[in-house]
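K.L.:
pasting the structure only:
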């Protein structure tokens, strides 16, 4: 027969204390309620001895908190999002929170369904990479006093918390680096998405090219993870048809990886002739030959700031003023963007 789970009352009787005392210690409020260190240690030792696990459903009903957060991105398998997610998970765990991860595929309906499901299950907060059209749903969450932080991109029409990178300056610096290395016919390969971060990256590239008196050359590909093969063929055709092309700036790391494979398929020697920079770094780029230059996003700073803001919002629910952070990245110069030999 399965052993009956001990109740708070059972534990209190064994320790000869009140159930309230056990509850306070169990929820980490012993010191706050002025319970002595000796008594806290006694209760914690007994809970450990009997391997007591709190009933999370009962605790959420009692406290109004599930201690669960949601990290909602377009693709959790993407190197950038998964790395940030891993750091968020560690920080959350150390603070007795758990994280649910999900991918939206940048699809509005899918995102709306996920928000509804998690909101109904009373998660404590959302970190969301917002797809186009999600503004009203985000506003509804905020109006319900649900802690929400936008990540990677902002929604200009909403005054809410966000943590993003300076996409314009990052793209401009990356483009200027290729120009300073002697490249003049630099293509920009990006995703055709009506999103602030993609617009800013394109604008940064165009600004650098215009300031240098060079002509922009842009290829926009549809965002669809199921058509990677056809997008690569489009890239190959673009590269073959771009006369005198000597460098490529990829707007995302997944475009870079697909593009590098396409370049290799065109000509195994072509990669050594082109200047290459990727917006957003990847461990893959350090192992490639030549190693690939990239504009690296500060993933640790992003994760730490996301969680700092989240914990502040959880502590001061409904009262915290929105914090809007725009962080700077770092251009990592590798072999693929070394000075062009004339």
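P.N.:
Arrived safely, thanks for sending. In this text the structure is predicted, and so the values were computed from the model without any measurement.
K.L.:
For the nearest residue to residue 325 once chain neighbours are set aside, give its distance to residue 258.
P.N.:
Nearest residue to residue 325, sequence neighbours excluded (Cβ to Cβ, 6 or more residues apart in numbering): residue 163, at 4.8 Å. The C-beta positions use only the backbone N, C-alpha and C, and glycine is treated the same way. Distance, residue 163 to residue 258, using Cβ to Cβ, to the nearest Å: 27 Å.
K.L.:
Just the strands from the stretch 1-150 of the chain, written as ranges.
P.N.:
Listed in chain order, the strands of the stretch 1-150 of the chain (DSSP state E, counting those that start in this stretch) span 68-73, 98-103, 125-128, 148-151.
K.L.:
As a markdown table, those strands with mean neighbour count, mean pLDDT and distance to residue 262 would be great.
P.N.:
A markdown table is the format used below for these (neighbours: other Cβ atoms under 10 Å; pLDDT from 0 to 100; distance: least, Cβ to Cβ, whole Å):
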| stretch | mean neighbour count | mean pLDDT | distance to residue 262 |
| --- | --- | --- | --- |
| strand 68-73 | 22 | 96 | 25 |
| strand 98-103 | 16 | 96 | 25 |
| strand 125-128 | 25 | 98 | 32 |
| strand 148-151 | 24 | 97 | 30 |
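K.L.:
can I get those in JSON lines with distance to residue 46?
P.N.:
Supplementary listing: the strands of the stretch 1-150 of the chain in JSON lines, determined by distance: least, Cβ to Cβ, whole Å:
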{"stretch": "strand 68-73", "distance to residue 46": "27"}
{"stretch": "strand 98-103", "distance to residue 46": "25"}
{"stretch": "strand 125-128", "distance to residue 46": "32"}
{"stretch": "strand 148-151", "distance to residue 46": "38"}
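K.L.:
returning to what we had before: same drill for residue 163 and residue 258, tell me which one is more crowded.
P.N.:
More crowded of residue 163 and residue 258, by other Cβ atoms under 10 Å: residue 163, with 25 against 19.
K.L.:
For the more buried one, grab phi and psi.
P.N.:
Main-chain torsions, residue 163, degrees, to the nearest 10: phi -130, psi 110.
K.L.:
go on, the one 3 residues further on?
P.N.:
When quoted as degrees, to the nearest 10, the phi and psi of residue 166 stand at phi -80, psi 80.
K.L.:
residue contacts, it?
P.N.:
Residue 166 makes contact with 326-329 under the criterion Cβ atoms under 8 Å, 6 or more residues apart in numbering.
K.L.:
List buried members of those residues by neighbour count.
P.N.:
By neighbour count, with 16 or more other Cβ atoms under 10 Å, the contacts of residue 166 hold residue 329 as buried.
K.L.:
what ranges do the helices span in the stretch 151-300 of the chain?
P.N.:
167-180, 196-211, 228-241, 253-266, 283-287, 299-315 (DSSP state H, counting those that start in this stretch).
K.L.:
Among the ones you listed, which comes closest to residue 125?
P.N.:
helix 299-315 (5.5 Å; Cβ to Cβ).
K.L.:
what helices or strands is the closest one leaning on?
P.N.:
The contact analysis (3 or more Cβ pairs under 8 Å, 6 or more residues apart in numbering; DSSP states H and E) places helix 299-315 against helix 79-94, strand 125-128, strand 148-151, strand 161-165, strand 324-327.
K.L.:
Let's see that with 10 Å instead.
P.N.:
strand 68-73, helix 79-94, strand 125-128, strand 148-151, strand 161-165, strand 324-327 (3 or more Cβ pairs under 10 Å, 6 or more residues apart in numbering; DSSP states H and E).
K.L.:
want to throw these into TSV with distance to residue 276?
P.N.:
Output for the helices and strands packed on helix 299-315, formatted as TSV (distance: least, Cβ to Cβ, whole Å):
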stretch	distance to residue 276
strand 68-73	26
helix 79-94	17
strand 125-128	31
strand 148-151	27
strand 161-165	20
strand 324-327	24
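K.L.:
just so I know, which of those lies nearest residue 113?
P.N.:
Nearest of these (Cβ to Cβ): strand 68-73, 11.2 Å.
K.L.:
what about stretch 112-127, how long is it end to end?
P.N.:
14 Å (Cα to Cα, to the nearest Å).
K.L.:
Give me the distance from it to the chain's centre.
P.N.:
Chain-centre distance of stretch 112-127: 17 Å, with Cα atoms, centre = their mean, to the nearest Å.
K.L.:
which parts of that stretch are buried?
P.N.:
Residues of stretch 112-127 classed as buried by neighbour count (16+ other Cβ under 10 Å): 112, 114-115, 118-119, 123-127.
K.L.:
okay if I get the residues you listed as a markdown table plus distance to residue 19?
P.N.:
Below are the buried residues of stretch 112-127 laid out as a markdown table (distance: Cβ to Cβ, whole Å):
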| residue | distance to residue 19 |
| --- | --- |
| 112 | 42 |
| 114 | 38 |
| 115 | 37 |
| 118 | 32 |
| 119 | 32 |
| 123 | 28 |
| 124 | 25 |
| 125 | 29 |
| 126 | 34 |
| 127 | 36 |
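K.L.:
what's the farthest-apart pair in those residues?
P.N.:
Farthest pair in the buried residues of stretch 112-127, by Cβ to Cβ: 112 and 124, 19.9 Å.
K.L.:
and the protein, what are its domains?
P.N.:
8-54, 64-165+299-328, 167-297+331-337 (automatic domain parsing).
K.L.:
Just give me the lowest mean pLDDT stretch among these.
P.N.:
When the domains of the chain are compared by mean pLDDT, domain 8-54 comes last with a mean of 84.
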